[in-house]
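>>> Model the structure of this input:
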Amino acid sequence: IKHPFTITTLLHNLFGAKRIRQLETRLKCARLVALAVTASERASRSQQHDITVSNEDALSQIVLKGSQFCEQVENMVSFTAIDSVEEGHETSVGRQLSAICIKYPVIAQGALIWAKELASNPDFVTTAAYPTLAPCILCLVRIISIHHPLARPAALELSMIFIGHSNSDISHQKMESIKEQCLRLMLLLSAQGLCIEVISAVKDKLRKNGSSELDSALIRYFVSGLLHTVQPPLTVPFCNSFFGLLLERQCVDALKSQHFAKSRHDEITQLVNQVESQGNEARFWSNVRPMLSNVKSVYSAGAVLN
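Numbering: from 1, shown residues only. Have a look, this model is predicted:
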């Protein structure tokens, strides 16, 4: 595709908040997107995700259907997102949307555009449907990230948007639950190869907004998840990112609390010791060793903050 920006613009016309309403024009946009997808498939000779649609007309109908599904679930209180390619008129709209997002990368991209613009709207978090609709959207994004590796950076960006949401009319417990779901998505993205990007996003959030969007409980939740998934040997960029996060002021305050188990402190110390044992190269030590010493001095100390 020579002009991907044009294709993105067409997808915004179908899936975005300011999408075209006139059916005939939407169908024309869908056909242009279908032509681009078909041309790309032919050029790469790829059969990724077993796309079997043999003509542009059929694919354009699927693109149009995907945009209509997003529009329908936006007006629902909740929907079911499931990791299955089961389709059919008897299945729910959410299941059908999930299926075509799995089968067609272009629909997945469109769904992420829809979700991002919806979540970025400050009025969305104040709607009555937000507490039940937001978890469904995050579930759909998780499914997309599993099946479409190139969509993972957009999934991370969307999860950070949800992290930034707040509404005093929604119970603290419910907002924490939604943000914990965001963090689980981010931990999944970490395991899928975006670990440094995920940690950097969290560090930026802490530096810009302090604890207003990520409180101490959420920080402990996230770091516990990382400790559970991280296994040595570790790369220098990862060490700089992860141990740098542990030294952020908000992170230290959260993890030195009595609410963070001592066994977790021991895990941090053990991880540092394991990294030190693998760091035989001079370049490695020059970049990481001072940071490792700081982490050990902070988390191996017996003092616990109240």
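>>> Could you list the low-confidence segments of the stretch 101-250 of the chain?
210-211 (pLDDT under 70).
>>> What segments of it are helices?
Ranges of helices in the stretch 101-250 of the chain, per DSSP state H, counting those that start in this stretch, are 105-120, 130-147, 152-163, 172-189, 195-209, 216-229, 236-246, 249-255.
>>> Point out the most buried one among those helices.
helix 105-120 (a mean of 23; mean count of other Cβ atoms under 10 Å). For the C-beta atoms, the positions are set from N, CA and C on the backbone; glycine is no exception.
>>> same for that one, what does it pack against?
The contact analysis (3 or more Cβ pairs under 8 Å, 6 or more residues apart in numbering; DSSP states H and E) places helix 105-120 against helix 4-15, helix 56-74, helix 93-103, helix 130-147, helix 152-163.
>>> Any idea how far stretch 139-149 is from the middle of the chain?
How far stretch 139-149 lies from its chain's middle: 8 Å, per Cα atoms, centre = their mean, to the nearest Å.
>>> Other residues contacting it?
49, 81-83, 94, 97-98, 101-102, 105, 108-109, 111-112, 115, 151-152, 155, 158-159, 181, 185, 188-189, 192-193 (Cβ atoms under 8 Å, 6 or more residues apart in numbering).
>>> cool, and stretch 178-198?
Under Cβ under 8 Å, 6+ apart, the answer for stretch 178-198 is 131, 134-135, 138-139, 141-142, 145-146, 149, 152-153, 155-156, 159-160, 162-163, 165, 199, 201-202, 214, 218, 221-222, 225-226, 229, 237-238, 241-242.
>>> same deal with stretch 33-42?
1, 7, 10-11, 14, 51, 56-57, 59-60, 62-63, 104, 106.
>>> Show the buried residues in those residues.
7, 10-11, 14, 51, 56, 59-60, 62-63, 104, 106 (16 or more other Cβ atoms under 10 Å).
>>> So among the residues you listed, where is pLDDT lowest?
Within the set of the buried ones among the contacts of stretch 33-42, pLDDT is lowest for I51 (48).
>>> Spatially nearest residue to Q61 (excluding sequence neighbours)?
Residue nearest to Q61 in three dimensions, not counting chain neighbours: A30, with 7.4 Å by Cβ to Cβ, 6 or more residues apart in numbering.
>>> sorry, back to before: for S277, which of the helices of the stretch 101-250 of the chain is the nearest?
helix 236-246 (12.9 Å; Cβ to Cβ).
>>> Between helix 105-120 and the lengthiest helix in the chain, find me the angle.
Using DSSP state H, we find that the single longest helix of the chain is helix 23-44. Relative orientation of helix 23-44 and helix 105-120, computed by axes from the mean of the first three to the mean of the last three Cα atoms, to 10 degrees: 130 degrees.
>>> Could you pull up the mean pLDDT of helix 23-44?
84.
>>> okay, that helix in PDB with CA atoms only?
C-alpha atoms of helix 23-44 as PDB (Å, rounded to 0.1, in the frame of the first residue of the first chain):
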ATOM      1  CA  LEU A  23     -24.900   4.200   3.900                       C
ATOM      2  CA  GLU A  24     -23.900   4.700   0.300                       C
ATOM      3  CA  THR A  25     -20.800   6.700   1.100                       C
ATOM      4  CA  ARG A  26     -19.800   4.300   3.900                       C
ATOM      5  CA  LEU A  27     -20.100   1.400   1.400                       C
ATOM      6  CA  LYS A  28     -17.800   3.300  -1.000                       C
ATOM      7  CA  CYS A  29     -15.200   3.800   1.800                       C
ATOM      8  CA  ALA A  30     -15.500   0.100   2.700                       C
ATOM      9  CA  ARG A  31     -14.900  -0.800  -0.900                       C
ATOM     10  CA  LEU A  32     -11.800   1.300  -1.100                       C
ATOM     11  CA  VAL A  33     -10.500  -0.300   2.100                       C
ATOM     12  CA  ALA A  34     -11.300  -3.700   0.700                       C
ATOM     13  CA  LEU A  35      -9.300  -2.900  -2.500                       C
ATOM     14  CA  ALA A  36      -6.300  -1.800  -0.500                       C
ATOM     15  CA  VAL A  37      -6.400  -5.000   1.700                       C
ATOM     16  CA  THR A  38      -6.700  -7.200  -1.400                       C
ATOM     17  CA  ALA A  39      -3.800  -5.400  -3.100                       C
ATOM     18  CA  SER A  40      -1.700  -5.800   0.000                       C
ATOM     19  CA  GLU A  41      -2.500  -9.500   0.300                       C
ATOM     20  CA  ARG A  42      -1.600 -10.000  -3.400                       C
ATOM     21  CA  ALA A  43       1.600  -8.100  -3.100                       C
ATOM     22  CA  SER A  44       2.800 -10.000   0.000                       C
END
